[in-house]
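Chemist: A structural model of the following input is requested.
(3 chains)
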Amino acid sequence: MSSPNQNSTHAPLFALVDVNNFYVSCERVFAPQLEKTPMVVLSNNDGCAVARSAEVKALGVKMGTPWFQMKDLAKQHGILACSSNYTLYHDMSQRVVEILRQFTPKLEVYSVDESFLQIESVLNAHESPTHLGAEIKQRIKQWTGLPVCVGIAPSKTLAKFANHLAKKNPSFNGVCDLSNMPKQELYQWMSEVSAAEVWGVGRKIAKRLEGMGIHTVLDLVQVSPQMMRLQFGVVIERLCYELRGLSCLALEEVAPPKQQIIASRSFGKLVLSLDELAESVATHTARAAEKLREQESLTSSISVFIQTNVFMRNEPQYSQSIQIPLVHPTDDTLVLTEMAIKGLKEIYKKGFRYKKAGVMLGLMTDKPVVQSSLFEDHQAKGKSLRLMKTLDSINTRYGAQALRVAATGTDQAWKMKSENVSPKYTSHWDQLPVVR
DNA sequence: TCTGGGGTCCTAGGACCC
DNA sequence: TCTGGGGTCCTAGGACCC
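Modeler: Now for the predicted structure:
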């Protein structure tokens, strides 16, 4: 009874662990009486449903449905809505990842509720991949209260597919291992799932595939990858190989630093005045700068954008953004706020009712590991002068609130970067033979 | 008059993801 | 009346250089 995966060949094997209905499940951990209650978690300002319980999904409610549109349905079926608590979700997410790391260090945190594990090297300790998956699932449930599904396969895309099967078919008991599945059975499953469900196939591509007569995952597996490259480009070609079990997407254990950081929000009510916009832009800038310092990089440009409510067809519409290059890359909240407000003034137009504002930091650079003392002195002098000027002008023009926001979080601004890790993206793809 | 061609960098836009 | 907030990669085309 030896299984092919007691392998000495070290062919990669991936497990995708995904928390079911993540936000809803988090809420239920702390309110177990809601276990069977149909419920949704709402976005900021309680605008849209950003998570749905199984019961609500079964009613056909789509991700992102505005709450006001489903109120009737909610009344009919007793759907409970709760506001989101992102701090809680973040915390729960970290607990799950900690537990997963006990199984293997080869782990990629893919999103707040999903991680890829590369498991071929730890299989010896387990009876089979399925047993490993079951243990992962059981331990997370026991230690955090969160339900997960596990999909196991020789490529990330197939592991996603396996996870999909595990979620939809109770017969898998939450763990689906494709690596040991007989081909006939695998093809049977593939013929039952729409190609549009595949990771990497979105609305547009799905439609074009339909037009080509490619309806199911099985159809997609059987079509020539080279032909798909001509039609759709390298991304879909890679996807086809992945579905055939040839791993083209590597595990990214170390998250590369973000290349852009966005902080934006819709307003609870429409906003007219420059002052109010400035206050919100200052808030967003402070948040973005915080994230920037967390990843220990500097930004060399900041963009500001404002827009009216795109859903109000009868209202005059205005949407504008401006990008401001920074001569000296920085992570300083004050400097960034000054530039952001300057930009806002450029694009602000009187007479519109604004719905949304935000900032984006772009073109990150690594902080220099060593700065010459001359440079530091120069910078420090210029900074303190500018700081006073900035505080002053923000205060007079936009009030105390904007001032307070701008002044927050400048403390760690010049923390030096001790280690400079920049992981290089590697892909098996580069090593693939050219197939004709 | 004849009017090259390859390389790189940057940006905008399209597609996708959770 | 009320409609989320983040991110990624790839490609094409223009500017510029030699």
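Chemist: residue A:151 contacts residue A:162, correct?
Modeler: Yes - the pair residue A:151 / residue A:162 is scored as a contact, 3.0 Å apart, by Cβ atoms under 8 Å. All C-beta spots, glycine's among them, are computed from the backbone N, C-alpha and C.
Chemist: any common contacting residues for those two?
Modeler: Common neighbours of residue A:151 and residue A:162, using Cβ atoms under 8 Å, 6 or more residues apart in numbering, are A:16, A:176, A:178.
Chemist: ok, and the most crowded of those residues?
Modeler: Using other Cβ atoms under 10 Å as the neighbour criterion, residue A:16 leads the shared contacts of residue A:151 and residue A:162 with 29 neighbours.
Chemist: Three-state assignment for it, please.
Modeler: Following DSSP: H, G, I helix; E, B strand; the rest coil, residue A:16 is assigned to strand.
Chemist: for it, which non-adjacent residue is spatially closest?
Modeler: In this structure, residue A:16 finds its nearest non-sequential neighbour in residue A:159, 4.1 Å apart by Cβ to Cβ, 6 or more residues apart in numbering.
Chemist: isn't there a strand covering the one you found?
Modeler: No - per three-state DSSP, residue A:159 lies outside any strand segment and is helix.
Chemist: report the contact partners of it.
Modeler: By Cβ under 8 Å, 6+ apart, the residues touching residue A:159 are A:14, A:15, A:16, A:116, A:151, A:152, A:153, A:178.
Chemist: mind running it again at 7 Å?
Modeler: Residue A:159 is in contact with A:14, A:15, A:16, A:116, A:151, A:152, A:153, counting by Cβ atoms under 7 Å, 6 or more residues apart in numbering.
Chemist: nearest to DNA strand B, of the residues you listed?
Modeler: Comparing these against DNA strand B with Cβ to the nearest atom of the strand places residue A:16 closest, at 9.4 Å.
Chemist: can you name the residues of chain A sitting close to DNA strand C?
Modeler: Residues of chain A lying close to DNA strand C by Cβ under 7 Å from any atom of the strand are A:43-45, A:47-48, A:50, A:63-64, A:66, A:68, A:233-235, A:256, A:258-266, A:270, A:284, A:291, A:309, A:311-312, A:355-356, A:358, A:425.
Chemist: domains of chain A: list them as residue ranges, please.
Modeler: By the assignment in the TED database, chain A contains the domains A:18-153+A:168-177, A:182-256, A:261-368.
Chemist: ok, of those, where does mean pLDDT dip lowest?
Modeler: Of all the domains of chain A, mean pLDDT reaches its minimum on domain A:261-368 (a mean of 91).
Chemist: residues contacting the most centrally placed residue in chain A?
Modeler: The centroid of chain A falls nearest to residue A:111 when counting by Cα atoms, centre = their mean (5.0 Å). By Cβ under 7 Å, 6+ apart, the contact list for residue A:111 is empty.
Chemist: next up, the contacts around residue A:117.
Modeler: A:14, A:15, A:17, A:100, A:103, A:104, A:106, A:107.
Chemist: what residue in chain A comes nearest to DNA strand B?
Modeler: Closest contact between chain A and DNA strand B, by Cβ to the nearest atom of the strand, is at residue A:202 (2.1 Å).
Chemist: so how far is residue A:182 from the closest residue to residue A:310 other than its chain neighbours?
Modeler: With Cβ to Cβ, 6+ apart as the criterion, residue A:310 has its nearest non-adjacent residue at 6.8 Å, and that residue is residue A:317. Separation of residue A:317 from residue A:182 (Cβ to Cβ, to the nearest Å): 57 Å.
Chemist: which residue of these two possesses the greater neighbour count?
Modeler: Higher neighbour count among residue A:317 and residue A:182: residue A:317, with 12 against 8, using other Cβ under 10 Å.
Chemist: follow-up on the earlier one: thought the residue nearest to residue A:310 was touching residue A:308?
Modeler: Yes - distance between residue A:317 and residue A:308: 5.3 Å, which falls inside the contact criterion (Cβ atoms under 7 Å).
Chemist: can you map out the strands along chain A?
Modeler: A:14-19, A:39-42, A:49-52, A:80-83, A:107-111, A:114-118, A:148-153, A:175-177, A:260-271, A:297-308, A:319-330, A:354-366 (DSSP state E).
Chemist: buried stuff in stretch A:177-188?
Modeler: A:177, A:178, A:179, A:181, A:186, A:187 (16 or more other Cβ atoms under 10 Å).
Chemist: inside helices: which ones of the residues you listed?
Modeler: Here DSSP state H is the test, and those give A:186, A:187 as lying in helices.
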